[in-house]
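S.K.: pasted the sequence and its predicted model underneath.
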Amino acid sequence: AGIAQARADPERNFIAQLIATNPKTIDAAFYCVFLTMFTAVAFNAMGGPTNTDAFYMSANLRHKWEEPFLRVSDAAGWFDYMEGSFVPTTFPTAWYNGEPFGDDDLGWPGGHPEAYRLIGEVSARQV
């Protein structure tokens, strides 16, 4: 009965023989499971793939920092940029509507308290 059953289902016999004789098959299966779990954790970290807060905050800061910086062409323009764009964006003191920040709201770059807080000093240098 065993030989007849093995001949009747050669695909099942091949898979069983492949697993029994080739330990790389088991390693490959474990690796696939690991990759699946790793990908799931990576996509669900930090609010999941649909959390767009970091993108919008980066775009806002880039708009406020980078565009004025690209117009700097001399030393006077550098100081105007630092006083007019860089410092007020890095250390804002009021909300978008002009209301001053409370003590708990200070230190959030670009006025985004949901994103990250500056710890330490900021330096800007020419490379």
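M.R.: Right, received. Where do you want to start?
S.K.: drop to CA atoms for contacts and neighbour counts, all remaining ones
M.R.: Noted.
S.K.: can you map out the helices along the protein?
M.R.: For the chain, the helices defined by DSSP state H occupy 2-8, 10-21, 23-44, 53-70, 75-81, 87-90.
S.K.: make CSV out of the ones you listed and add mean pLDDT, mean neighbour count and distance to residue 122.
M.R.: Formatted as CSV, these follow (pLDDT from 0 to 100; neighbours: other Cα atoms under 10 Å; distance: least, Cα to Cα, whole Å):
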stretch, mean pLDDT, mean neighbour count, distance to residue 122
helix 2-8, 54, 10, 72
helix 10-21, 74, 12, 58
helix 23-44, 88, 12, 30
helix 53-70, 81, 14, 14
helix 75-81, 90, 14, 15
helix 87-90, 80, 17, 8
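S.K.: make JSON lines from the ones you listed and add distance to residue 100 to it.
M.R.: Output for the helices of the chain, formatted as JSON lines (distance: least, Cα to Cα, whole Å):
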{"stretch": "helix 2-8", "distance to residue 100": "80"}
{"stretch": "helix 10-21", "distance to residue 100": "68"}
{"stretch": "helix 23-44", "distance to residue 100": "36"}
{"stretch": "helix 53-70", "distance to residue 100": "19"}
{"stretch": "helix 75-81", "distance to residue 100": "23"}
{"stretch": "helix 87-90", "distance to residue 100": "13"}
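S.K.: of all those, which one comes closest to residue 102?
M.R.: Closest approach to residue 102 among the helices of the chain is made by helix 87-90 (16.1 Å; Cα to Cα).
S.K.: can I get that closest one as PDB, trimmed to CA atoms?
M.R.: Output of helix 87-90 as PDB, limited to C-alpha atoms (Å, rounded to 0.1, in the frame of the first residue of the first chain):
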ATOM      1  CA  VAL A  87      16.300  81.500  13.700                       C
ATOM      2  CA  PRO A  88      12.600  82.300  13.600                       C
ATOM      3  CA  THR A  89      11.800  78.900  12.100                       C
ATOM      4  CA  THR A  90      14.200  77.000  14.300                       C
END
